Structures are given as structure tokens and as C-alpha cells.
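> Here is the input, now give the coordinates:
(2 chains)
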2 protein chains.
Amino acid sequence: MMKCISCKERYGEAEAGTCKECYEEASETEEELKREIDDLKSKISFLRLPSPPLNLLPFTDLLLLPYSDDVDDHHIHDGAVPSPAVRAHKAVLISRSPVFKAMLENEMEESRSGTIKIADVSYDVLRSFVHYLYTAEVLLDERMACDLLVLAEKYQVKHLKSYCEKFMTSKVNSENAIMTFAFAHQHNAPHLLESALSLILDNMDKLTERDEYKELVEKDPRLVVEIYEAYLTRQVNTASNKSQLVVQT
Amino acid sequence: MMKCISCKERYGEAEAGTCKECYEEASETEEELKREIDDLKSKISFLRLPSPPLNLLPFTDLLLLPYSDDVDDHHIHDGAVPSPAVRAHKAVLISRSPVFKAMLENEMEESRSGTIKIADVSYDVLRSFVHYLYTAEVLLDERMACDLLVLAEKYQVKHLKSYCEKFMTSKVNSENAIMTFAFAHQHNAPHLLESALSLILDNMDKLTERDEYKELVEKDPRLVVEIYEAYLTRQVNTASNKSQLVVQT
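Numbering: from 1, shown residues only, chains lettered A, B, ... in the order given. Take a look at the predicted model:
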């Protein structure tokens, strides 16, 4: 019987993990990794720029103007009450997004006027978007992740897009799988697509009863076809795995 | 005899490290830490701003003008050939340095003119300094570390200062210990001071022969006194440790 250096319990041959040398090496690696994490974190806190609406207001050289034609939007827009604008720095936006870069460096209307109109977005979402461009930080809920993924795709902010995609992937369930699948398809989010599809395939027996299914058949039948094709592929694979098992035994 | 999961060697009781459970836990921790490192690195590559002289030139709103009264400088300044200026963004400088913040937000001369003169610095050092403010990256040699530490202290860029201090600490040797000790004292670099002092104390027998020692006695005798005081303290501690050992045996 030997004694574990880590948990101090005694153990026999079957429970043996490492020898002392490997254990010490692993502990050192862990320490090194933790030091590296500390270094990286301090680098991040140095690089993070304060978000402009509060701190850097005096030197901003750009206004982002949210507007929405969406009648389903929570707010009613009749053209009379415009949303407030979000202030920003051209230089920061350029460094974060190739789309803003093209807009602002090529002497387009936006660059001359110092104003960019951002379509189909609420003030809150636009503020969070700009905040993220400065700080790489954002507090997500499901709605916000959805809205920001759309903006991140439009302005090609890869880092934010994959962050939102990861968040949404963690929130997929059998209730929202069909809507999520359609959303992921529309906005090119492959990981989200895959996990939504996988959940749909796990619940094929109830698929055709769901309202979202019926809506999707109306709106985008080709997407529904993709679901069935994936279902077939899975069935074939499962069948061939089973027959392989039969051959092996 | 048991077999180590990590190095596959057999080991006996004396070499026992961990049990299997603790080993697996440690491996998982390592994986998690590595994932965290990947996340942090991608955050950094998002936050890092391109340095302005090459990329963001069109929207800079500030000039940094290096000048040097130092006759020992490599270049000869007769007032006729000014160094080129380094372009930057007020907003970025403000977010990195409380000193620039105070200068630029308080409608001082610098803010109105859009030009800040930086004393006792070469163009190359100033460029590296600004590059660091944008990217948190710099290639150091001993001279550059020294020059940047001074600038970082002057403009209170803590992250850069501690980075230079760490670099210089790794380069202290018995040859440069006295100069480094004086430098660390002048520029408030406690870790550097400590390791330089420690090296000096390790070589007390040759101290008084060294030219730098003689110079320091001329220039700043109080610093030399500090060295001797530290030497005394160390001797007393060593003596009391020895006597404790005697008592214990």
C-alpha cells in the first residue's frame, strides 16, 4: 500500500496514478500555467480600453446612429423621436472590424459626415456592441447574444461572433432547437447549427407536431429538407455501426 | 511495484506520487488551464490595437515630439535637425497613462496644440513606447528596457514598468549589480533593487575595488551606506541562524 501525496489516502496497485517524479513535474506545469494566466490577465487589463460613452467622450470623432424599421420592435418609431447616438473613435472601430475599416478609410459618406447609421438595432444593443469593441466584455442573455451575433456577423467582428455563438450553443434545448437551427443557418454559425440539429434529431418523433416546424416548412422548406437528410445519414451510420458490431461478435 | 500512468515506469513505495483519482483530477485541471490560456490569448489578440505610425495614421489627433538635451546622446542635436514626431491618438494615450490623461483632459497647452514634447528620449525609444501603449508588446534589450522603464515611470504606465523591471532583473549580474542598484533606487524598482543588492552582498569581498563603487561613493554616498547596512543585517541574521542551529543540535 502506498500513500498519495495529494489526497493523503492509501492506495493499492489498481489505483496507482503517477510516480513522485511525474507528480512533481505536473505540479510545476500547473504553477507555470497559472503564472502564464496571471500574465495574460494583466496584459488584458492593460489593453482593455474604457468604453467611450462614459470616459473618453471628449475625443470621440464618430457617432453611431441606431435605427430600426422593424414594426415588431419594442419601441414605436414614427420618425419623430430618434434614438440617441453612441459615440466612438474611428481608430478603434477600424482596428476591430474590417467593415468599419473599409467604410472609414475609403472616404465614404460615413467618414466625411462622422456618422454611421446602424440598421435594425436598438440603442441598448448598439451600446453593448460598442462597449464590446472597446473592452472585449459584455453581459449576455439569450436575446442579447442573438442580436449581437447578427451585428458581429454584419461588421465581421469574429471574436464577438464566436463568443455569442458559444453562449447560444450552451442554451440550446429541445424547445428552441428548431428556431435556433434556422437562426444559425441564416447567420453562418456552424457550431450552433450542429448542436441545434443534433437536438432536433434526438427528438424526431415529436418534430412534426411543433408550431415552429410548421412555420419553417412555410418559410424555408429547404432547411427542413436538410433536417431530414441529416436524419437519414444518422440512421444509415447507426445501422452500419450495428452491423459492424454484429460482425465483430 | 506499481506502474506510473504518466511515464509508464515501475515504482516502489518510496517513489509513490498520487493515486489514480488525484492524477486524473490534475490532468483535468491542466486541460482547463490550457483552455483558459487559449481564451485569454484570443481576447488579447482582439484587444491589441495596431500601432498608429503604420496603420491608423489618418485618424491620429496627437503628435509626440522627442527631444534630448543630453550631450552624451548618440545623435548630435544643435537645434537645426529635429527628430521626427510619433503620431498617436489622444484617446488611447489617456486610457493607458494617468499622466497623459491629466495633460490632455485639462485643456493644458498640450491638448490645445495637439503636440506633447517628451524630454530626454530618442525617437526609437519613443516609438517603442507608443507601440507598447497600443499593443502591450515590445522587443527589449538591456538598453531599451532601461530607457522604457524611465518613460513608464514618468507617465505611470505600470504594466510596462513592471515588464521592464522583470527583464532587467533577469539580466543582473555581478558586473552590473552596482549600476543596476543605483538605477533601481532612482526609479523605484523594488524587485530589481533587491536582486541587485543581493548580488552585491554575495560579492562584498571585491566591492571596494570596483570603479562603479568608487563612482557611487562620489555621487551618492547615502546609497553606499544602504549597501553596508544591508550587509550588516545579513550578517546578524546568518549569525543568529547559526546559533539557533547550535541550540537545536
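> And whichever strand or helix holds A:Leu197, what's buried?
Using DSSP states H and E, A:Leu197 sits within helix A:190-202. Within helix A:190-202, the residues scored as buried using 16 or more other CB atoms under 10 Å in any protein chain shown are A:192-193, A:195-197, A:199-201. For every residue, glycine as well, the C-beta is placed using N, CA and C.
> Also stretch A:110-128?
A:110-111, A:116, A:118, A:121-123, A:125-128.
> So for A:Ser122, what's the pLDDT?
Note on A:Ser122: pLDDT of 92.
> where does it fall, phi/psi-wise?
phi -90, psi 160 (degrees, to the nearest 10).
> which intervals of chain A have sub-threshold pLDDT?
A:53-57, A:69-82, A:243-249 (pLDDT under 70).
> got the domain boundaries for it?
Listed by automatic domain parsing, the domain ranges of chain A are A:17-47, A:48-171, A:172-249.
> out of those, nearest to chain B?
Proximity to chain B (CB to the nearest CB) singles out domain A:17-47 among the domains of chain A, at 3.0 Å.
> List the buried residues of the closest one.
Result for domain A:17-47 [16+ other CB under 10 Å]: buried residues A:17-19, A:22-23, A:26, A:33, A:36-37, A:40, A:43-44, A:46-47.
> about what we covered before: off-centre distance for the helix holding A:Leu197?
Computed by CA atoms, centre = their mean, to the nearest Å, the separation of helix A:190-202 from the middle of its chain amounts to 15 Å.
> swap in stretch A:216-226?
For stretch A:216-226, the distance to the chain centre is 24 Å (CA atoms, centre = their mean).
> Could you export that stretch as PDB, keeping only the C-alpha atoms?
Extracted in PDB, the C-alpha atoms of stretch A:216-226 (Å, rounded to 0.1, in the frame of the first residue of the first chain):
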ATOM      1  CA  LEU A 216     -40.300  26.700 -41.000                       C
ATOM      2  CA  VAL A 217     -41.900  24.400 -43.700                       C
ATOM      3  CA  GLU A 218     -43.800  27.500 -44.800                       C
ATOM      4  CA  LYS A 219     -40.900  29.900 -44.700                       C
ATOM      5  CA  ASP A 220     -37.900  27.900 -45.700                       C
ATOM      6  CA  PRO A 221     -38.700  24.300 -46.800                       C
ATOM      7  CA  ARG A 222     -35.200  23.700 -48.000                       C
ATOM      8  CA  LEU A 223     -34.000  24.000 -44.400                       C
ATOM      9  CA  VAL A 224     -36.500  21.300 -43.400                       C
ATOM     10  CA  VAL A 225     -35.100  19.100 -46.100                       C
ATOM     11  CA  GLU A 226     -31.700  19.500 -44.600                       C
END
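> Identify all contacting residues around it.
Stretch A:216-226 has contacts (CB atoms under 8 Å, 6 or more residues apart in numbering or on different chains) with A:178, A:181-182, A:185, A:213.
> what's the most distant pair in the residues you listed?
Pairwise distances across the contacts of stretch A:216-226 peak at 14.5 Å for A:His185 and A:Tyr213 (criterion: CB to CB).
> Among the buried residues of stretch A:110-128, which are located in helices?
In helices, defined here by DSSP state H, the members of the buried residues of stretch A:110-128 are A:110-111, A:123, A:125-128.
> Can you report phi and psi for the closest residue to A:Thr135 other than its chain neighbours?
Nearest non-adjacent residue to A:Thr135, counting by CB to CB, 6 or more residues apart in numbering or on different chains: A:Arg48, 4.9 Å away. Per-residue torsions, A:Arg48: phi -60, psi 130 (degrees, to the nearest 10).
> And A:Lys3, by the same measure?
phi -110, psi 130.
> now A:Cys19
Dihedral angles for A:Cys19 - degrees, to the nearest 10 - are phi -80, psi 170.
> What of A:Leu63?
phi -120, psi 130.
> and if you look at A:Ser174?
Taking degrees, to the nearest 10 as the convention, A:Ser174 sits at phi -60, psi -20.
> Based on its surroundings, how many neighbours for the residue lying closest to it once chain neighbours are set aside?
In space, A:Ser174 comes closest to A:Asn203 once its chain neighbours are excluded; the distance is 5.1 Å by CB to CB, 6+ apart. A:Asn203: 13 surrounding residues under other CB atoms under 10 Å in any protein chain shown.
> just the one 5 residues further on next, same as before
Other residues near A:Thr208 number 10, with proximity taken as other CB under 10 Å.
> Enumerate every residue touching it.
Per CB under 8 Å, 6+ apart, neighbours of A:Thr208: none.
> ok, 10 Å please
A:214, A:217, A:224 (CB atoms under 10 Å, 6 or more residues apart in numbering or on different chains).
> what do you get for A:Ala136?
A:44, A:47-49, A:96, A:159-160, A:163, B:42-44, B:46-47.
> So which of those belong to helices?
Using DSSP H, the contacts of A:Ala136 in helices are A:44, A:47, A:96, A:159-160, A:163, B:42-44, B:46-47.
> same for chain B: which of the ones in helices among the buried residues of stretch A:110-128 are within range?
A:Ser111 (CB under 10 Å from any CB of the partner chain).
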